[in-house]
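Peer 1: all I have is the shape, not the residue letters:
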């Protein structure tokens, strides 16, 4: 079995979070979704467990960060093209998210950040296949 990634994030409004992530093209797995949590399926290997802030707090003895005020993690997800990066960020903005900084175009890599309504930040990026395999210098040469 391949490694699967489950990213736990807190939400103040689980229904709003589910609507936001389905607007990005994700599905909600009903087998692992209830009034405390929603399993957001990106693909067969990557999942977000969106937890109510109160439920999230049961998994740690540390204070739960307010993602609108502090950054604890930045989640980066690759896309298959620059157009796919633009499409998912634009869909997120239309669904109530915001773009906290301008797009970044390094030539070999293009990325845009998207903040969900709870303040969690995702970076969507496309990297030229030559740069991904051989490093940024390969793209320049």
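Peer 2: Cool, the structure landed. These numbers come from a predicted model, not from an experiment.
Peer 1: from here on, contacts and neighbour counts on C-alpha atoms
Peer 2: Fine.
Peer 1: name the SS class of residue 3, please.
Peer 2: Secondary structure assignment for residue 3 (DSSP: H, G, I helix; E, B strand; the rest coil): coil.
Peer 1: what's the first-to-last distance across stretch 13-30?
Peer 2: 17 Å (CA to CA, to the nearest Å).
Peer 1: got the contact list for that stretch?
Peer 2: 11, 35-42, 50-52, 88, 91-92, 95-97, 116-118 (CA atoms under 8 Å, 6 or more residues apart in numbering).
Peer 1: closest to the centroid, which residue in the protein?
Peer 2: The centroid of the chain falls nearest to residue 122 when counting by CA atoms, centre = their mean (3.9 Å).
Peer 1: would that one count as being in a helix?
Peer 2: No. Counting by three-state DSSP, one finds residue 122 to be strand, located in no helix.
Peer 1: next structured bit after the longest helix seen in the chain?
Peer 2: In the chain, taking DSSP state H as the definition, the longest helix is helix 82-94. As assigned by DSSP states H and E, the chain's next helix or strand after helix 82-94 is strand 104-105.
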